[in-house]
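A.B. asks: Mind looking at a prediction? Sequence and model below.
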Amino acid sequence: MTYGNDRISIFVDGNNMFYAQQKNGWFFDPRRVLNYFQNEQSDTSLVNAFWYTGLKDPQDQRGFRDALIGLGYTVRTKVLKEYYDDSSKRYSQKANLDIEIAVDMFNTVEQYNRVVLFSGDGDFERAIELLRSKNTHITVVSTEGMIARELRNAADRYLDLNLIRSSIEKSDS
């Protein structure tokens, strides 16, 4: 599919993708992700790449975050909050960065005409619908069993991580 002079922005819901990758049994390489989407069409330019992640403390994942910044990602973080989960009867930690992702999508909307959202979270349905109304092409990347039906339905294109594994998988070298 060609869109002509594409300006692409990538948004990675890091915590959501961590669980998706864990479920699949392999991890993707953030550098290869950028390369894959930049090279998907010949006339594509990457204008932004954002990575969102929760932290146990301000030093958590420091090396990884520095590497992401070195690759050109804008990294947004939030300290994990502890809450009691009634269904599992135990404490869990969560950092919800959905608002930050949506704000960055709309704050930079004039810069791109294509979005790649790495998330399966149905909370993004309305944001995706609004972006599509501004003639933005939306690709959602996730994995089966972890993609909300509403999100898949709202996007122009759904791409399963396993279909692009050979292009984006992290190698041991």
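C.D. replies: It's in.

A.B. asks: Show me what the helix or strand of the chain with the lowest mean pLDDT packs onto, helices and strands only.
C.D. replies: Of all regular secondary-structure elements in the chain, judged by mean pLDDT, DSSP states H and E, the least confident is strand 90-94 with a mean of 86. Contacts of strand 90-94 with other secondary structure elements, assessed using 3 or more Cβ pairs under 8 Å, 6 or more residues apart in numbering; DSSP states H and E, are made with strand 81-85. For the C-beta atoms, the positions are set from N, CA and C on the backbone; glycine is no exception.

A.B. asks: picking up where we left off before, what would the least confident helix or strand of the chain look like as PDB? C-alpha coordinates only.
C.D. replies: Presented in PDB, the C-alpha positions along strand 90-94 are these (Å, rounded to 0.1, in the frame of the first residue of the first chain):
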ATOM      1  CA  ARG A  90      -2.500  -9.500  45.900                       C
ATOM      2  CA  TYR A  91      -0.700  -6.300  45.300                       C
ATOM      3  CA  SER A  92       0.300  -5.300  41.800                       C
ATOM      4  CA  GLN A  93       2.200  -2.500  40.200                       C
ATOM      5  CA  LYS A  94       1.100  -0.400  37.300                       C
END
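
A.B. asks: List the buried residues of that strand.
C.D. replies: By 16 or more other Cβ atoms under 10 Å, strand 90-94 has no buried positions at all.

A.B. asks: Can you list the strands that it pairs with?
C.D. replies: Using DSSP bridges, the strands paired with strand 90-94 are strand 81-85 (antiparallel).

A.B. asks: Any idea how far the partner strand is from the middle of the chain?
C.D. replies: Centroid displacement of strand 81-85 relative to its chain, using Cα atoms, centre = their mean, to the nearest Å, is 24 Å.

A.B. asks: could you dump that strand to PDB, C-alpha only?
C.D. replies: Taking C-alpha atoms only, strand 81-85 is exported to PDB below (Å, rounded to 0.1, in the frame of the first residue of the first chain):
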ATOM      1  CA  LYS A  81       2.000   2.700  41.500                       C
ATOM      2  CA  GLU A  82       1.100  -0.100  43.800                       C
ATOM      3  CA  TYR A  83      -2.600  -1.200  44.100                       C
ATOM      4  CA  TYR A  84      -4.500  -4.100  45.500                       C
ATOM      5  CA  ASP A  85      -6.000  -6.400  42.900                       C
END
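
A.B. asks: tell me the average confidence for that strand?
C.D. replies: In this model, strand 81-85 has an average pLDDT of 88.

A.B. asks: any idea how far stretch 10-25 is from the chain center?
C.D. replies: Distance of stretch 10-25 from the chain centroid (Cα atoms, centre = their mean) equals 8 Å.

A.B. asks: list the buried ones in it?
C.D. replies: Neighbour counts over stretch 10-25 (16+ other Cβ under 10 Å) mark 10-17, 20-21, 24 as buried.
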